[in-house]
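A.B. asks: missing the sequence, but the structure's below:
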């Protein structure tokens, strides 16, 4: 709705990150037990989130989209 309301002056998009950083002082056992499984079997890095933001900001023709940066984990929900 915001994308429609603010167009054509603004684009409105979202980044949906997966498990990127473990909680402070967590053990590897905790991370393995509670991390979401993903089809790509790789944890996104903070740099991946930043690259996604830069992509969306640089594209003036994309609006109203959610970009999942979660190695496909949203497909398993």
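C.D. replies: Received, thanks. It should be emphasised that the depicted structure is a prediction, and the values quoted were computed from it without experimental measurement.
A.B. asks: what residue ranges in the chain score low on pLDDT?
C.D. replies: Along the chain, segments meeting pLDDT under 70 span 28, 30-34, 36.
A.B. asks: ok, now with 90
C.D. replies: 18-38, 41-44, 77 (pLDDT under 90).
A.B. asks: for it, what's the longest helix?
C.D. replies: As assigned by DSSP state H, the longest helix anywhere in the chain is helix 46-58.
A.B. asks: So which elements touch that helix?
C.D. replies: strand 14-17, strand 66-69 (3 or more Cβ pairs under 8 Å, 6 or more residues apart in numbering; DSSP states H and E). C-beta coordinates here come from the backbone N, C-alpha and C atoms, glycine included.
A.B. asks: With mean neighbour count and distance to residue 3 added, can I get those in CSV?
C.D. replies: CSV is the format used below for the helices and strands packed on helix 46-58 (neighbours: other Cβ atoms under 10 Å; distance: least, Cβ to Cβ, whole Å):
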stretch, mean neighbour count, distance to residue 3
strand 14-17, 14, 10
strand 66-69, 15, 11
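A.B. asks: OK, contacts around residue 72?
C.D. replies: Contacts for residue 72 (Cβ atoms under 8 Å, 6 or more residues apart in numbering) come out as 38-40.
A.B. asks: before we move on, what about residue 70?
C.D. replies: 16-19, 36, 38, 44.
A.B. asks: Show me how to select, in PyMOL, the buried members of these.
C.D. replies: Filtering the contacts of residue 70 down to the buried ones (16 or more other Cβ atoms under 10 Å) takes a single PyMOL command:
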select buried, resi 17+18+19+38+44
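A.B. asks: Any chance of the contacts of residue 70 in TSV with distance to residue 10 as columns?
C.D. replies: Putting the contacts of residue 70 into TSV (distance: Cβ to Cβ, whole Å) gives the following:
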residue	distance to residue 10
16	20
17	22
18	26
19	30
36	31
38	32
44	26
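A.B. asks: what's the closest of the contacts of residue 70 to residue 27?
C.D. replies: residue 19 (15.0 Å; Cβ to Cβ).
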